[in-house]
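# need the 3D shape of this:
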Amino acid sequence: MRQASCCHALAATVLVLSLSPARPASGAPRSAATERAANEQAIALYRQSTRAYDEGRFQDAADLLTRAYALHAEPILLFNLARAYEGSGNVDKAIDAYTRYLAREPGASDRRSIEQRVATLQKQVGDRQALERQRDEERARVEQARRDAERARQAAERAEEQRRRPSVVPWVVAGAGVAGIGAGVVLGVVSHARYVDARDEPFKSPASADYSSAQSFATGANVAFVAGGVVAAAGLVWGLVDVLGKRSHEAPADASPRLTFTGNGIAGRF
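Here you go, the predicted model:
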């Protein structure tokens with residue numbers, strides 16, 4: 001029954017193409033001989049497209065119909081082109097072909113059903129676009145989450161590296177203590193020089209002043225030695241404790257098997 005219907009549709013279409021004047025898609029005028037040749041070629045292409053459509057080769061049918069319409073701009077070819085595109089899954093081009101057909105055939109008897117079909121296809125396109133947008137948004141969210149996780153991981157690694165790195169503060173403190181000891185050395189040298197000057201001074205009053213100055217510098221030297229030594233020692237101990245503590249955290253855990261001795265021998269668990 002379907003084959004007989006297709007044959008009738010083919011015969012009707014061929015009759016339309018044969019009787020209607022040739023209308024090239026470009027609109028350029030052609031001679032009578034050229035029009036006849038164009039009609040014959042359009043009919044041949046239409047027959048080939050029908051076979052391709054029946055065999056399920058919808059894209060081939062669409063290509064053949066496009067060539068036929070370029071030779072003979074008959075509206076029925078647009079309808080068939082829409083069906084071929086719809087069969088191939090190219091919904092956008094199917095809508096375009098249906099719309100062009102309705103524009104060329106405003107009084108088509110099946111206009112209402114075609115308009116309903118176009119509306120259905122347009123809804124499919126809208127649903128597909130909405131799904132694509134949703135998929136793109138989800139892909140963007142996943143990518144953003146991945147980037148955030150990577151930044152968090154890098155920040156954690158930097159924080160861990162900072163935590164493991166020995167602090168420079170203890171060594172600054174130790175350096176300040178060493179500087180205090182150095183100041184004590186300088187004050188001690190000055191104190192000794194003033195003492196020598198006081199000892200060699202023949203007059204009592206200048207000698208007394210030199211002794212007093214030497215004693216002041218000696219006191220300052222002692223204070224600098226004691227304070228500098230305490231600070232340097234504290235900084236050194238602090239630094240050593242910090243370094244050794246950081247190294248103990250970095251030491252790998254003992255991964256050796258735990259062994260126990262039983263009456264039957266050695267039992268170990270990995």
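# who's in contact with N80?
The neighbourhood of N80, defined by CB atoms under 8 Å, 6 or more residues apart in numbering, consists of 13, 46, 49, 53, 61, 65. No exception for glycine: its C-beta is placed from N, CA and C like everyone else's.
# R111 contacts L102, correct?
Yes. Because the distance of 6.3 Å satisfies CB atoms under 8 Å, R111 is recorded as touching L102.
# more crowded one of the two?
The residue with more neighbours, out of R111 and L102 and counting by other CB atoms under 10 Å, is L102; that gives 19 against 13.
# and that one, how far is that from T219?
112 Å (CB to CB, to the nearest Å).
# in CSV: the contacts of N80, plus secondary structure and pLDDT.
Converted to CSV, those look like this (DSSP: H, G, I helix; E, B strand; the rest coil; pLDDT from 0 to 100):
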residue, secondary structure, pLDDT
T13, helix, 55
Y46, helix, 94
S49, helix, 95
Y53, helix, 96
A61, helix, 96
L65, helix, 96
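# quick one: contacts of the helix or strand where I95 lies?
Under the criterion of DSSP states H and E, I95 resides in helix 91-104. For helix 91-104, the surrounding residues in contact (CB under 8 Å, 6+ apart) are 62, 75-76, 78-79, 81-83, 85-86, 108, 111, 114-115, 117-118, 121-122, 124-125, 128.
# one more: stretch 54-71?
Counting by CB under 8 Å, 6+ apart, stretch 54-71 makes contact with 6, 22, 24-26, 38-39, 41-42, 45-46, 48-50, 52-53, 77-78, 80-81, 84-88, 90, 93, all of which sit outside it.
# same question for stretch 122-142.
Outside of stretch 122-142, the residues that reach it under the criterion CB under 8 Å, 6+ apart are 91-92, 95.
# what about those residues, which one has the most neighbours?
The most crowded member of these, judged by other CB under 10 Å, is I95 (21 neighbours).
# roughly how far apart are that residue and E74?
As defined by CB to CB, I95 lies at a distance of 20 Å from E74.
# now G87
20 Å.
# before we move on, what about A193?
A193 sits 122 Å away from E74, taking CB to CB as the criterion.
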